[in-house]
Every structure is written in structure tokens, then in C-alpha cells.
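**Q** what would the 3D arrangement of this be:
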Amino acid sequence: MQIKQLQERNRIQNRIEMVLEGANLKLGMVVSDVLGLPGIGLCFRTARL
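**A** Numbering: from 1, shown residues only. Presented below is the predicted three-dimensional model:
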């Protein structure tokens, strides 16, 4: 069960990174984990602009 959860998390993370890169936001170069607290904070701050 844990393997499926990790696979799902990775799939979601990859989708988020692809959407952000489509909007010319390459957070992967700045933040190591887009789904971590700093990455989520950057996403919310960017969305407010």
C-alpha cells in the first residue's frame, strides 16, 4: 500500500511540475521538493501575483 501511495505522490508532483513549467515557472531549479512547505508557499505567492 505504501508503494502505491508513493507512486501517486510522485505522479501528482510530476503533473504539478509540468503545469508550472508550462507557465514558465521552473520551481525545480529553486526548490528541491515542489510539494514541500517552501514549494507550496512559493506556488501560493506566485498565484497571488
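**Q** the most centrally placed residue in the chain in helix, strand or coil?
**A** The residue lying closest to the centre of the chain (C-alpha atoms, centre = their mean) is Val34, at 3.4 Å. Secondary structure state of Val34, per DSSP: H, G, I helix; E, B strand; the rest coil, is coil.
**Q** just checking, it touches Met18?
**A** No. Val34 is beyond contact range of Met18, at 10.6 Å (criterion: C-beta atoms under 8 Å). For every residue, glycine as well, the C-beta is placed using N, CA and C.
**Q** buried residues in the helix or strand hosting Val19?
**A** Using DSSP states H and E, Val19 maps to helix 2-22. By neighbour count on 16 or more other C-beta atoms under 10 Å, the buried set for helix 2-22 is Gln13, Ile16, Glu17, Leu20.
**Q** related to what we said a few turns ago, need the per-residue pLDDT for the residue nearest to the centre of the chain.
**A** pLDDT, Val34: 71.
**Q** now it: phi and psi?
**A** phi -60, psi -30 (degrees, to the nearest 10).
**Q** return the helix or strand in the protein with minimum mean pLDDT.
**A** Least confident element among the helices and strands of the chain, by mean pLDDT, DSSP states H and E: helix 37-48 (a mean of 74).
**Q** before we move on, the earlier item: pLDDT (mean, whole number) over the helix holding Val19?
**A** Mean predicted confidence for helix 2-22 is 85.
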